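Novice: give me a model of this one.
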Amino acid sequence: MELVGYVQATVYADGRAAIAYELSSAYWGCGLAAKAVSVMIAELAERYRVHAVSAVLKRQNRRSLRLLQRLGFSIVSDELHAKYDVDPDELLMWHEVLTHERSAP
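Specialist: The predicted structure is shown next:
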């Protein structure tokens, strides 16, 4: 069996989670990252009661930008970039987890 990549999350007490993911370039464009991240978000909502998810990416990383946008993430305001001390060459993206993304209790 071969490692394709990974997803990870840091869950905060206030119901937020910061996520990260990495996928081997041999598997880019196959839909695996979208599937893995969406399953992780559903798990975070169900098991850890996460209601908001954030991700930070390099501004030039168009693949991650498109992936996160397809999953419902939006780029935050300049004020939030400053509040969370995001580097100028990075973007902070945010996603409010909707009720239908959560599994039934």
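
Novice: residue ranges with poor pLDDT in the protein?
Specialist: Residues of the chain that meet the criterion pLDDT under 70 lie in 99-105.

Novice: let me see the ranges of the strands in it.
Specialist: 5-11, 16-23, 52-58, 74-75, 90-96 (DSSP state E).

Novice: closest to Gly31 out of those strands?
Specialist: Between Gly31 and the strands of the chain, the shortest gap by C-beta to C-beta is with strand 16-23, which sits at 10.6 Å. In this view, the C-beta of every residue, glycine as well, is placed from N, C-alpha and C.

Novice: please put the alpha-carbon coordinates of the closest one into PDB.
Specialist: Presented in PDB, the C-alpha positions along strand 16-23 are these (Å, rounded to 0.1, in the frame of the first residue of the first chain):
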ATOM      1  CA  ARG A  16     -13.200  26.100  15.400                       C
ATOM      2  CA  ALA A  17     -10.700  23.900  13.600                       C
ATOM      3  CA  ALA A  18      -7.700  24.700  11.500                       C
ATOM      4  CA  ILE A  19      -7.100  22.200   8.800                       C
ATOM      5  CA  ALA A  20      -4.100  21.200   6.700                       C
ATOM      6  CA  TYR A  21      -3.600  18.600   3.900                       C
ATOM      7  CA  GLU A  22      -1.000  17.400   1.600                       C
ATOM      8  CA  LEU A  23      -1.300  15.100  -1.400                       C
END
